[in-house]
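Student: using only what follows, build the 3D model:
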Amino acid sequence: MKVLFSHNIPFHLAHGGVQTQIEAIMSGLKELGVEVEPEHWWDSTQTGDIIHFFGRPPFASVVRLAKDKGMKTVMFENLDRTASRSSSKLFLQRWFIRLAKASLRGMVTRFAWDVYQELDAMIFVTDLERQTARYLFDAVEEREYVIGHGLTQEALSALSEPAAESDYLVYVATIAERKNTVLLAEAAHRAGVPVMFLGKPYAETDPYYRQFLKLVDQKLVRYPGYVTEEEKWRILREARGFVLWSQFESGCIAVYEAAASGLPMLLPDLPWASREYGKVDGVELVSPEQPDLAVKKLSDFYSRSHRRSVPLFQIGTWKEVARRYLEVYQSIVK
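Tutor: Next up, the predicted model:
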């Protein structure tokens with residue numbers, strides 16, 4: 001079996017969780033004896049049994065072309081932003097898509113809304129996103145799979161090591177507007193709560209990143225910049241808790257890392273967090289769009305937060321995740 005990985009956005013333009021995910025799954029599949037390589041868009045002689053799209057293909061016709069070559073097709077999709085919309089907005093979007101399918105075929109083609117009936121398998125990180133795909137796009141139920149993220153065995157071992165507790169909460173994410181980084185930094189100042197920010201921007205010249213840097217004082221808003229994996233693990237181990245106020249996420253590898261560290265978490269009261277982690281013991285929710293309440297919640301969370309000796313929830317390795325991907329491949333090749 002040979003699998004081709006296809007992804008539309010070059011990693012040198014946008015780093016993040018998808019890059020980590022693709023690289024980890026590719027490595028895990030190779031360990032399991034699967035031949036896997038990136039799609040060579042320039043190579044007309046490249047062959048494969050399966051083409052796995054990470055992200056929605058640009059057109060459903062791409063899937064049909066693959067099928068004409070005798071290839072099976074799989075899509076992994078982040079519907080994080082879409083799945084975090086309100087039920088009323090999703091209802092309107094659902095009916096607009098249906099109207100477009102009836103009378104605006106060009107729009108359907110442009111956004112590849114018809115690809116969900118063409119694919120052999122679709123993989124989502126969360127059940128929330130799977131449900132959203134079915135509700136909006138009529139994804140075929142029998143072809144849907146939910147497979148969460150994982151961590152390396154090295155990370156799981158390192159994050160479970162004992163450590164002396166420091167005085168800060170920790171944030172791990174790209175410095176970007178959708179992560180509400182500035183909002184959290186401003187709340188840290190108002191609450192008098194030290195927060196260690198780990199991550200880097202998409203570009204050093206990003207105005208939002210420059211705005212964040214103005215809030216860094218290395219006392220309440222601490223920013224060592226982008227650090228090594230080993231240093232990140234140490235900082236997580238020594239933290240009192242984890243805080244992330246993203247507008248939307250898809251599973252979120254940083255949440256997995258925090259959970260593996262045993263850190264209590266303060267997450268936004270939005271579907272991506274409330275539906276997936278809201279019932280986990282040690283996870284608290286806050287509404288960042290209510291600044292005064294968010295500041296008080298941050299202060300209260302900090303005062304009672306301490307690292308636990310066990311993970312907040314069970315986390316598998318990337319190799320185990322890759323094995324589940326392989327099971328999907330094997331089922332469609334049959």
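Student: measure how buried E142 is and give me the count.
Tutor: As a burial measure, E142 scores 6 neighbours (other C-beta atoms under 10 Å). The C-beta positions use only the backbone N, C-alpha and C, and glycine is treated the same way.
Student: check the gap between it and I332 for me.
Tutor: 11 Å (C-beta to C-beta, to the nearest Å).
Student: which residue ranges form the helices in this structure?
Tutor: 17-31, 60-68, 80-83, 87-103, 105-111, 127-137, 153-159, 181-191, 207-213, 229-238, 253-261, 271-277, 291-304, 318-333 (DSSP state H).
Student: what's the most buried one of those?
Tutor: Among these, ranked by average contacts under mean count of other C-beta atoms under 10 Å, first place goes to helix 253-261 (a mean of 25).
Student: my guess is F54 meets H7, correct?
Tutor: Yes - using C-beta atoms under 8 Å, F54 is in contact with H7, at 4.4 Å.
Student: more neighbours, these two?
Tutor: F54 (20 against 16).
Student: the more buried one: what's it in contact with?
Tutor: By C-beta atoms under 8 Å, 6 or more residues apart in numbering, the contact list for F54 reads 5-7, 18, 21-22, 75-76.
Student: quick one: which of the helices of the chain is nearest L285?
Tutor: Of all the helices of the chain, the one in closest proximity to L285, counting by C-beta to C-beta, is helix 271-277 (5.8 Å).
Student: next one: R240 relative to R307, how far apart?
Tutor: 7 Å.
Student: joint contacts of those two?
Tutor: 165, 263.
Student: for the protein, where's the lowest mean pLDDT among helices and strands?
Tutor: helix 105-111 (a mean of 77; mean pLDDT, DSSP states H and E).
Student: what sits against the closest residue to G192 other than its chain neighbours?
Tutor: Residue nearest to G192 in three dimensions, not counting chain neighbours: L220, with 6.7 Å by C-beta to C-beta, 6 or more residues apart in numbering. Residues in contact with L220 (C-beta under 8 Å, 6+ apart) are 188-189, 192-195.
Student: again, 10 Å this time
Tutor: Going by C-beta atoms under 10 Å, 6 or more residues apart in numbering, L220 touches 168, 185, 187-195.
Student: picking up where we left off before, distance to Q117 added to the helices of the chain, as JSON lines?
Tutor: As requested, the helices of the chain are exported to JSON lines (distance: least, C-beta to C-beta, whole Å):
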{"stretch": "helix 17-31", "distance to Q117": "24"}
{"stretch": "helix 60-68", "distance to Q117": "8"}
{"stretch": "helix 80-83", "distance to Q117": "18"}
{"stretch": "helix 87-103", "distance to Q117": "11"}
{"stretch": "helix 105-111", "distance to Q117": "11"}
{"stretch": "helix 127-137", "distance to Q117": "9"}
{"stretch": "helix 153-159", "distance to Q117": "38"}
{"stretch": "helix 181-191", "distance to Q117": "39"}
{"stretch": "helix 207-213", "distance to Q117": "38"}
{"stretch": "helix 229-238", "distance to Q117": "41"}
{"stretch": "helix 253-261", "distance to Q117": "30"}
{"stretch": "helix 271-277", "distance to Q117": "25"}
{"stretch": "helix 291-304", "distance to Q117": "42"}
{"stretch": "helix 318-333", "distance to Q117": "15"}
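Student: weakest of the ones you listed in terms of mean pLDDT?
Tutor: Least confident of the helices of the chain, judged by mean pLDDT, is helix 105-111 with a mean of 77.
Student: packing partners of it?
Tutor: On a contact count with 3 or more C-beta pairs under 10 Å, 6 or more residues apart in numbering; DSSP states H and E, helix 105-111 meets helix 60-68, helix 87-103.
Student: repeat that for 7 Å
Tutor: helix 87-103 (3 or more C-beta pairs under 7 Å, 6 or more residues apart in numbering; DSSP states H and E).
Student: helices or strands up against the helix it packs on?
Tutor: Going by 3+ C-beta pairs under 7 Å, 6+ apart, helix 87-103 lies up against helix 105-111, helix 127-137.
Student: do you know which of those helices lies nearest L312?
Tutor: helix 127-137 (18.5 Å).
Student: so which residue of this structure lies furthest out from the middle?
Tutor: Going by C-alpha atoms, centre = their mean, the residue of the chain most distant from its centre is S103, 34.2 Å out.
Student: how far away is it from K89?
Tutor: When S103 is compared with K89 (using C-beta to C-beta), they lie 22 Å apart.
Student: check D217 too.
Tutor: D217 is 38 Å from K89, where distance means C-beta to C-beta.
Student: how about D138?
Tutor: From D138 to K89 the distance is 18 Å (C-beta to C-beta).
Student: excluding chain neighbours, give the residue nearest to E39 in space.
Tutor: Among residues not flanking E39 along the chain, S6 sits closest, at 4.2 Å (C-beta to C-beta, 6+ apart).
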